[in-house]
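**Student:** predicted model, plus sequence, below.
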Amino acid sequence: MPRAVYAEWDEEDVADWVDERPARRPRRKPLGWLRVILMSTCSIAGLVYFALEQEQTAGPPGRRTEVPSSVLVAPAPAWRPLPPSSAPYTLAGASSAVASEAREHANGAREDTLVLGRFGDFRYAQVSLVQGTAETAGSFYIDIVRRAARSGLAVAHQGQSRMVETKFGPVEAAPLLLANKGEQACQAFRLPDASAEFSFQGWLCGASAPDEAQLACFIDGIALSGGTNPSLKAVFARAERSRTEACGPVARTAAAPVKPPARP
């Protein structure tokens with residue numbers, strides 16, 4: 001019986017049997033706290049290092065690096081005004097003083113504007129003459145609207161265009177109604193001459209819309225008074241050879257509108 005066998009064992013046998021069992025090593029707990037301390041120390045040292053580097057880069061205290069503000073630069077205007085000088089053109093038969101101004105395009109083209117009278121006067125006219133190719137020509141209506149806006153006027157109406165014969169050749173013309181605190185009947189006109197790099201456009205106004213004969217004589221009265229541009233001289237020399245007697249001195253006087261007597 002097992003119980004009997006065990007009974008024969010004495011205390012020394014039991015002690016020997018216990019000593020013969022494999023010894024169990026005590027299990028050590030992981031050193032987590034040491035790992036946390038090491039990682040915290042490394043993190044603090046890293047933060048201190050980066051703080052010192054940032055301070056050296058920023059320079060002395062109280063000195064901040066100024067960030068330049070962005071500046072928007074507008075493009076240079078296409079036209080610039082020229083100093084006042086004598087205009088290279090004249091208007092024959094002008095009944096009053098003719099004002100003039102000149103400007104130059106960025107590509108070298110020159111524009112001279114002659115103004116006879118003022119808007120609302122019994123005889124009011126404006127013509128702009130361009131030497132060179134300044135800008136691509138648009139439609140007749142758009143060109144006149146831009147020109148009127150530059151003079152502080154608005155185009156209330158523009159009629160159907162047609163061609164009018166002048167010493168410069170056929171000129172495009174159309175009835176025009178300008179407005180600015182009132183309205184005035186006019187004839188708009190323009191001549192593009194790309195081959196000679198010469199063009200002009202403007203309007204002629206009166207108490208009523210001028211007819212074709214009056215407009216043709218006004219345009220024929222544009223003459224060259226100065227300038228040394230050979231191509232421009234050639235244009236006016238050819239134009240003078242093409243002049244007809246329809247707009248001679250007598251014809252211009254007859255075509256000019258008669259100013260009504262002043263009210264008492």
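**Tutor:** Structure's in. What do you need?
**Student:** can you give me the helices in this structure?
**Tutor:** When assigned using DSSP state H, the helices of the chain occupy the ranges 2-7, 11-20, 32-58, 140-150, 212-220, 230-241, 249-255.
**Student:** quick check: bridge partners of residue 158?
**Tutor:** According to DSSP bridges, the residues that bridge with residue 158 are residue 176.
**Student:** verify the stated contact: it with residue 147.
**Tutor:** No. With contacts counted by C-beta atoms under 8 Å, residue 158 stays clear of residue 147, the gap being 11.8 Å. Glycine gets a C-beta too; all of them are placed from N, C-alpha and C.
**Student:** how many neighbours does residue 141 have?
**Tutor:** 14 (other C-beta atoms under 10 Å).
**Student:** repeat that for residue 159.
**Tutor:** Residue crowding around residue 159 was assessed by other C-beta under 10 Å; the count is 13.
**Student:** just confirm it contacts residue 185, I think it does.
**Tutor:** No. Using C-beta under 8 Å, residue 159 is not in contact with residue 185, being 10.5 Å away.
**Student:** what about the strands in the stretch 51-200 of the chain?
**Tutor:** With DSSP state E, counting those that start in this stretch, the ranges of strands along the stretch 51-200 of the chain come out as 79-81, 89-91, 98-105, 110-116, 123-131, 154-158, 162-166, 169-179, 183-193, 198-206.
**Student:** wait, which of these is closest to residue 229?
**Tutor:** Ranking the strands of the stretch 51-200 of the chain by distance to residue 229, with C-beta to C-beta as the measure, places strand 123-131 first at 6.0 Å.
**Student:** run the chain-centre distance for that closest one.
**Tutor:** The gap between the average C-alpha position of strand 123-131 and the chain average comes to 25 Å, counting by C-alpha atoms, centre = their mean, to the nearest Å.
**Student:** do stretch 184-197 as well
**Tutor:** Stretch 184-197 sits 25 Å away from the centroid of its parent chain (C-alpha atoms, centre = their mean).
**Student:** state the mean pLDDT of it.
**Tutor:** Stretch 184-197 shows an average pLDDT of 86 in the prediction.
**Student:** for the stretch 1-150 of the chain, give me the ranges with low pLDDT.
**Tutor:** When the per-residue scores of the stretch 1-150 of the chain are filtered using pLDDT under 70, the ranges that remain are 1-32, 50, 53-74, 136-137.
**Student:** apply 80 and report the result again.
**Tutor:** Within the stretch 1-150 of the chain, the stretches with pLDDT under 80 are 1-40, 42-43, 45-76, 93, 95-96, 133-138.
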